[in-house]
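Undergrad: task: produce atomic coordinates for the following.
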Amino acid sequence: MTERLSSGSSRLDAVLGGGLPTNAINLVIGPPGSGKTILAEQYLFYNATDERPGLFLSTVSEPFDKVLRYGESLTFFDADAIGRRVFYDDLGAALVARGIQGLVDLIDGLLREIRPGTIVIDSFKAIRAFATDEAAFRRFLHDLAGRLTAVTANTFWIGEYERAATTDAAEFAVADSIVAMDTKRTAERETRVIQILKLRGSGFMSGEHAYRVTASGISVFPRLADIQDSAAYEFGTERDSTGIAALDDALGDGYWEGSSTLIAGPTGVGKTLLGLHYAFSAASDGRPAILATFQENSTQLARIASGFGWSFDNPCISVLSRSPVDLYIDEWVYDLLDLIEETKATRVVVDSLGDLLVASPDQVRFRELLHSLVQRCARQRVSLMFTLEVAELFNATSISDVGVSHLSDNVVVLQYYRRATEVRRSLTVLKTRGSSHTPEVREYHIGRDGLTLGDPISVA
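TA: Numbering: from 1, shown residues only. Okay, the predicted model is just below:
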């Protein structure tokens, strides 16, 4: 198996099928500010050793002192390593004074003196302007690639190339791997995405993967889109109480362990309350549960819960609160999966799917992620509950436009109905996969004890 060069990030390495091939030429492309230099420095510091140091070479794009100054703000930047296992040098003066040949001579001297194991040239694209013609630049590329191959170095060429250049720029043919970093805009939202365009002799995760530029480097969130896993697994035979005895009866003795449940209804009807019943019912039995919310922060949730006699001081309850304003759905789902593993949670309430849908770049991506989350949790016998707001207050005719109900084992609809001069609430179990249920319309009330389900009613 080909040896791999690690980035120090397990998720980025996973996107790359285990890491970049060693002793390869890697072309990192993207617009200004996308994090190309940070990614290259991340590889540089992680892989540099005293025996095979890292060498960063700037050209005529970004001033040499600025590269160092911004690098010092990153947690992986080790000032003690500079001049010992990581070296920085400026090629700009030689390039301006003597052109490409001056650049080749300077690189030759540095290769002999430092014997680097990892080399970064930033910006590589800027070198092209100093070639007398295309033929001269191609000769330079061929000569440089031969030199770098001879010293068995891991090389990164950084440039502000556009993707359209992949069909005609010679650099793209020479490179063993091409990593594209970009920013995508959906309405008023911007998401940074990384994509592997080429990885010679290796498989990799296709598609675009979200990432953030952080103080610790590039943090990548591989696109969660699991293929069908046909391997057998044990499924739960126990029934999970909803926390409401009458609702358990309507569902045919509660939910199956590891099932997914959709709670749909209009605003203010009690969807979050039903989720709190479900989470605190497990916590009261000493089973960990997670409430993932996008609208209320921990203080607001604590106030809501205390009104019904519940407390988030319970060690079996964890809250994953994220703002819907700057939400990367793949970052969120990895945070959730990590929290499930950390707490050994048996139940997860996601309040609500509408916020996830708004944060998704498109409906296909939303459905991929939701399908993958449901399948992973089912295999771990973790029960899921999703809430979803519908627009219609009375007599809802549909649940959603994105087909989330078929991914759920159970579907419970909450609605308002009119009775004389009053507006009341009703609950109907529309679906329970794998068991019988009672599809009756029942009135319910919200009081100090939470949600209390009444007898079946007739709604005109």
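
Undergrad: correct me, but Pro361 touches Thr191?
TA: Yes: at 6.6 Å, Pro361 counts as touching Thr191 under the criterion of Cβ atoms under 8 Å. (Glycine included, C-beta is placed from N, CA and C.)

Undergrad: check which helix or strand covers Thr299.
TA: helix 298-306 (DSSP states H and E).

Undergrad: buried residues in that helix?
TA: Of all the residues in helix 298-306, those buried under the rule 16 or more other Cβ atoms under 10 Å are 301-302, 305.

Undergrad: give me the contacts around it.
TA: Contacts to helix 298-306, defined as Cβ atoms under 8 Å, 6 or more residues apart in numbering, come from residues 272, 276, 280, 291, 293, 296, 311-312, 319, 321.

Undergrad: cool, and stretch 14-23?
TA: Everything outside stretch 14-23 that qualifies as a contact, by Cβ under 8 Å, 6+ apart, is 2-7, 13, 26, 43, 149, 152-154, 176-177, 194, 196, 199-205, 209, 220, 222.

Undergrad: and these, which of them are buried?
TA: The neighbour-count test (16+ other Cβ under 10 Å) applied to the contacts of stretch 14-23 identifies 5-7, 13, 26, 43, 153-154, 176-177, 194, 196, 199, 202, 204-205, 209, 220, 222 as buried.

Undergrad: picking that back up, and the helix holding Thr299, how far from the chain's centre?
TA: 28 Å (Cα atoms, centre = their mean, to the nearest Å).

Undergrad: which secondary structure elements does the next helix or strand after it sit against?
TA: Downstream of helix 298-306, the next assigned helix or strand under DSSP H and E is strand 317-321. Packing partners of strand 317-321 (3 or more Cβ pairs under 8 Å, 6 or more residues apart in numbering; DSSP states H and E): helix 271-284, strand 289-293, helix 298-306, helix 329-343.

Undergrad: out of those, flag the one nearest Thr421.
TA: helix 271-284 (24.5 Å; Cβ to Cβ).

Undergrad: report the angle between the closest one and strand 289-293.
TA: 160 degrees (axes from the mean of the first three to the mean of the last three Cα atoms, to 10 degrees).

Undergrad: related to what we said a few turns ago, in JSON lines: the buried residues of helix 298-306, plus pLDDT and distance to Ala48.
TA: Shown next, in JSON lines, are those (pLDDT from 0 to 100; distance: Cβ to Cβ, whole Å):
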{"residue": "Leu301", "pLDDT": "85", "distance to Ala48": "46"}
{"residue": "Ala302", "pLDDT": "86", "distance to Ala48": "48"}
{"residue": "Ala305", "pLDDT": "88", "distance to Ala48": "51"}
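
Undergrad: quick one: those residues as a markdown table, columns for distance to Glu72 too.
TA: Below are the buried residues of helix 298-306 laid out as a markdown table (distance: Cβ to Cβ, whole Å):
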| residue | distance to Glu72 |
| --- | --- |
| Leu301 | 40 |
| Ala302 | 41 |
| Ala305 | 45 |
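
Undergrad: ok, Ile446 - contacts?
TA: Per Cβ under 8 Å, 6+ apart, neighbours of Ile446: 270, 273, 425, 452.

Undergrad: please report the distance of Val374 from Asp409.
TA: Look at Val374 and Asp409: by Cβ to Cβ, to the nearest Å, they are 9 Å apart.

Undergrad: whoops, I mixed them up, Ser73
TA: 48 Å.

Undergrad: so between these two, which is more surrounded?
TA: Neighbours were tallied for Ser73 and for Asp409 using other Cβ atoms under 10 Å; the higher tally belongs to Asp409 (20 against 9).

Undergrad: quick one: the more buried one and Gly71, what's the gap?
TA: From Asp409 across to Gly71, the span is 51 Å (Cβ to Cβ).

Undergrad: pLDDT below threshold where in the stretch 51-200 of the chain?
TA: Counting by pLDDT under 70, the stretch 51-200 of the chain has low-confidence residues at 62-64.

Undergrad: quick one, strands of it?
TA: 54-58, 86-90, 118-122, 154-159, 177-186, 189-199 (DSSP state E, counting those that start in this stretch).

Undergrad: show me what the longest one is packed up against.
TA: Spelled out, it's strand 189-199. helix 10-15, strand 177-186, strand 209-214.

Undergrad: now whatever helix or strand comes next after the last one, how far from the centre of its chain.
TA: Read in the C-terminal direction, the helix or strand following strand 209-214 is strand 217-221, with elements assigned using DSSP H and E. Relative to its parent chain, strand 217-221 has a centroid offset of 9 Å by Cα atoms, centre = their mean.

Undergrad: hang on, the earlier thing: buried deepest among the helices and strands packed on strand 317-321, which one?
TA: strand 289-293 (a mean of 25; mean count of other Cβ atoms under 10 Å).

Undergrad: okay, now Ala169: neighbour count?
TA: Neighbour number of Ala169 under other Cβ under 10 Å is 20.

Undergrad: to clarify, my last question referred to Gly33.
TA: 12.

Undergrad: that one belongs to a strand?
TA: No: secondary structure assignment (DSSP: H, G, I helix; E, B strand; the rest coil) places Gly33 in coil, not in a strand.

Undergrad: contacting residues for the spatially most central residue of the chain?
TA: Centre of the chain computed as the mean C-alpha position; nearest residue by Cα atoms, centre = their mean is Asp330, 2.5 Å away. By Cβ under 8 Å, 6+ apart, Asp330 lies in contact with 209-210, 221-224, 369.

Undergrad: okay if I get these as CSV plus distance to Phe130 and pLDDT?
TA: Listed next are the contacts of Asp330 as CSV, based on distance: Cβ to Cβ, whole Å; pLDDT from 0 to 100:
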residue, distance to Phe130, pLDDT
His209, 35, 95
Ala210, 36, 94
Phe221, 39, 95
Pro222, 38, 95
Arg223, 39, 92
Leu224, 44, 90
Leu369, 46, 92
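
Undergrad: which of those residues sit farthest apart?
TA: Greatest spacing in those, by Cβ to Cβ: His209 and Leu369 (12.4 Å).

Undergrad: before we move on, the earlier item: can you tell me which of the buried residues of helix 298-306 comes closest to Ser398?
TA: Of all the buried residues of helix 298-306, Ser398 sits closest to Leu301, with 29.3 Å by Cβ to Cβ.

Undergrad: if anything else comes up later, I'll come back, but that's it for now.
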